[in-house]
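Participant: Need the 3D shape of this:
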Amino acid sequence: MRLYDSYDYVIVGAGSAGSAIANRLGEDYRLRILIIEAGPPDTSFLLKMPAGFASLGEKSPYNWRYETVPQKHCNDRRMYWPRGKTLGGSSAINAMLYVRGNAWDYDHWRQLGNEGWSYDDVLPFFKKAENNERGGDDFHGTGGPLNVADQVDPAPISEAFVKAAEQAGHKRVKDFNGATQEGVGFYQVTQKNQERWSTASAYLRPAVERNKNNVHVVSNAMVERIILDKNHAMGVRYSVNGRDEVARTEREIILCGGAVNSPQLLMLSGIGPADHLNSIGIRPLLDLPGVGGNLQDHLDAGLLQACKTRDTYDAANKLWSLWQYKMNKKGPGTSPIAESGGFLSTRGGLAAPDIQLHFLPALVVDHGRTRLKKNGYTLHVCALRPESAGTIRLKSTKPGDHPLIDANYLAERRDLDTLVAGVKMGRDILAQSGLDPYRAEELEPGPVAKTDAEIAQWIRAKCETIYHPVGTCKMGPDSDAMAVVDNQCRVRGLTGLRVVDASVMPTVIGGNTNAPTIMIAERVAAWMQAAA
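Facilitator: Numbers count the residues shown, from 1 in each chain. All right, here's what the predicted structure looks like:
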């Protein structure tokens with residue numbers, strides 16, 4: 001592969017957004033495109049098997065393994081933040097759930113002043129990205145790069161959960177991305193032929209194979225700074241194999257590092273809050289106060305229930321499950337683990353559901369890093385629209401140092417109240433007769449949490465992220481002093497630089513964030529292609 005001295009586009013990060021936008025821009029065979037990825041290629045079999053856990057463990061090369069600063073309102077605990085560090089980014093290590101959020105989310109973005117981002121505006125790009133194996137309709141597309149499938153072999157206890165939720169008064173929904181989101185059911189997944197279908201598989205590899213001469217990927221490469229010529233972004237400096245390299249661009253640099261890495265790189269390059277940059281010894285080149293602000297994430301509380309039968313994945317023989325998957329693509333190996341769930345409202349009058357449930361036919365604590373010697377199931381309860389917001393700030397001037405992540409969880413009382421209400425709804429579902437054949441004792445919260453105050457105390461002690469950080473380079477109109485990018489994701493005050501990833505979301509959407517991030521890349525790529 002011959003690398004050029006300069007490119008039309010330099011894309012920083014080969015994750016969900018970076019892979020998607022590289023593919024779309026690469027449809028023009030005349031363009032020279034460079035994609036720079038900090039992590040290694042996604043070659044592990046455990047990244048392909050849906051239930052694989054290649055990102056776990058302290059030595060995994062596929063995970064940034066971030067931690068927050070101590071969270072003041074969560075008993076001063078540091079929260080573990082896994083993020084993908086490989087081709088495909090977090091789509092290579094996530095639960096593969098295909099969820100778009102609620103139509104209200106995107107209409108709200110438009111109401112905040114972001115032209116082109118209403119639900120009617122973005123639906124065509126969700127459909128363009130999608131190849132839904134159920135077929136196309138008013139809400140779904142076929143023929144797109146991202147394969148969306150039904151689960152082939154979910155655990156029977158996951159169906160029991162859905163039935164229990166129906167007994168608790170919640171409606172069964174076949175499609176969380178259709179006309180109605182609220183209700184319970186099974187998630188569709190980004191899999192193809194019972195393998196994980198990350199954006200590296202869906203977008204990046206096809207782009208490289210289609211245009212071998214002009215679409216180049218450099219992995220295991222750390223971008224250290226953006227090179228500015230006055231108010232124009234002209235290139236990036238990066239290190240690879242112990243060498244310092246410079247990639248220059250004729251058109252644009254596109255940051256696709258996500259909610260942590262994109263603001264970090266901007267600040268390392270002198271673009272961000274001037275007072276913060278001065279405090280750590282970086283000369284501000286552009287005072288952009290919103291960089292690294294507006295950090296929003298979905299906080300989650302996990303109910304753990306022991307199971308009196310051997311119908312959970314805790315009881316499955318691991319070697320047998322691996323053999324079963326390799327031989328016929330059946331069994332636990334095909335599972336996203338979070339198989340069923342739903343979207344619920346904790347009170348009347350809400351514009352959209354404020355709670356999401358993920359039901360797992362296994363006991364999962366500590367993000368799967370710690371194995372419990374018991375057999376059971378887990379119900380994750382997630383507050384969808386937090387009012388609390390935090391920051392990303394630099395720890396030092398060294399690109400390799402992880403930044404300071406302060407999610408500021410539960411700073412607003414409404415977030416805690418929503419989780420308490422959600423936990424009570426989750427307990428009500430788990431107590432229904434549909435789960436009678438399986439239910440043993442409740443392990444978490446257990447008998448120590450009966451009153452609302454006791455549940456709240458337990459949440460502060462045990463809550464964790466469910467991996468949806470957004471907002472740290474938010475888009476907004478000129479009137480929004482904290483907006484980092486405009487409605488086409490161009491960095492304000494500069495030419496030749498965009499941010500295209502989950503960090504541009506002005507507010508976190510009501511659901512899992514991978515599909516919306518891909519949509520953002522599709523939406524911006526279409527604008528760029530139209531302007532070319």
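Participant: Could I get the CA-only coordinates of stretch 325-343 as PDB?
Facilitator: Backbone C-alpha positions of stretch 325-343 (Å, rounded to 0.1, in the frame of the first residue of the first chain) are rendered in PDB as follows:
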ATOM      1  CA  TYR A 325     -21.500 -22.100  17.900                       C
ATOM      2  CA  LYS A 326     -18.500 -23.200  15.700                       C
ATOM      3  CA  MET A 327     -20.400 -26.200  14.300                       C
ATOM      4  CA  ASN A 328     -23.900 -24.800  13.600                       C
ATOM      5  CA  LYS A 329     -24.100 -21.100  14.800                       C
ATOM      6  CA  LYS A 330     -26.500 -22.000  17.500                       C
ATOM      7  CA  GLY A 331     -26.700 -21.700  21.300                       C
ATOM      8  CA  PRO A 332     -25.400 -19.100  23.700                       C
ATOM      9  CA  GLY A 333     -22.500 -18.100  21.300                       C
ATOM     10  CA  THR A 334     -25.100 -16.300  19.100                       C
ATOM     11  CA  SER A 335     -26.500 -14.300  21.900                       C
ATOM     12  CA  PRO A 336     -26.100 -10.500  22.400                       C
ATOM     13  CA  ILE A 337     -26.600 -11.500  26.100                       C
ATOM     14  CA  ALA A 338     -29.100  -8.600  26.500                       C
ATOM     15  CA  GLU A 339     -31.800 -10.500  24.500                       C
ATOM     16  CA  SER A 340     -35.100  -8.900  25.500                       C
ATOM     17  CA  GLY A 341     -36.100  -5.700  27.200                       C
ATOM     18  CA  GLY A 342     -38.200  -2.600  26.600                       C
ATOM     19  CA  PHE A 343     -39.000   1.100  27.000                       C
END
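Participant: what's the average pLDDT for it?
Facilitator: Averaging pLDDT along stretch 325-343 gives 94.
Participant: What is the least confident helix or strand in this structure?
Facilitator: Least confident helix or strand, the chain: helix 318-328 with a mean of 89, by mean pLDDT, DSSP states H and E.
Participant: Tell me the first helix or strand C-terminal of that helix.
Facilitator: Where DSSP states H and E defines the elements, the next helix or strand beyond helix 318-328 is strand 340-344.
Participant: What lies in contact with that next one?
Facilitator: The contact list for strand 340-344 (C-beta atoms under 8 Å, 6 or more residues apart in numbering) reads 102, 154, 158-159, 161-162, 165, 170, 173, 176, 181-187, 353-359, 380, 384, 422, 425, 510-511. Just so you know, the C-beta spots here come from the backbone N, C-alpha and C atoms, and that holds for glycine as well.
Participant: 7 Å instead?
Facilitator: 158, 161-162, 165, 170, 176, 181-187, 353, 355-359, 425 (C-beta atoms under 7 Å, 6 or more residues apart in numbering).
Participant: name the helices or strands packed onto the longest strand along the chain?
Facilitator: Using DSSP state E to define each element, the chain has its longest strand at strand 243-255. Packing partners of strand 243-255 (3 or more C-beta pairs under 7 Å, 6 or more residues apart in numbering; DSSP states H and E): strand 6-12, strand 232-240, strand 497-499.
Participant: just the strands in the stretch 301-450 of the chain please.
Facilitator: Secondary structure of the stretch 301-450 of the chain by DSSP state E, counting those that start in this stretch: the strands cover 340-344, 355-360, 376-383, 391-393, 404-406, 439-444.
Participant: Paired strands for the longest one, with orientation please.
Facilitator: Taking DSSP bridges as the criterion, strand 376-383 pairs within the sheet with strand 299-307 (antiparallel), strand 355-360 (antiparallel).
Participant: Looking at those, which one is packed in the most?
Facilitator: Of all the strands paired with strand 376-383, strand 355-360 has the most neighbours on average by mean count of other C-beta atoms under 10 Å, namely a mean of 26.
Participant: And the contacts of that one?
Facilitator: By C-beta under 7 Å, 6+ apart, strand 355-360 touches 158, 161, 337-344, 346, 377-384, 418, 422, 425-426, 511.
Participant: Same question for stretch 364-379.
Facilitator: So stretch 364-379 is contacted by 53, 56, 80, 82, 157, 302-307, 310, 312, 314-315, 357, 359-363, 426, 430, 443, 464 (C-beta under 7 Å, 6+ apart).
Participant: got it, and stretch 441-450?
Facilitator: Here stretch 441-450 has contacts from Gly302, Leu303, Leu304, Gln305, Ala306, Gly376, Glu454, Ile455, Trp458, Lys462, using C-beta under 7 Å, 6+ apart.
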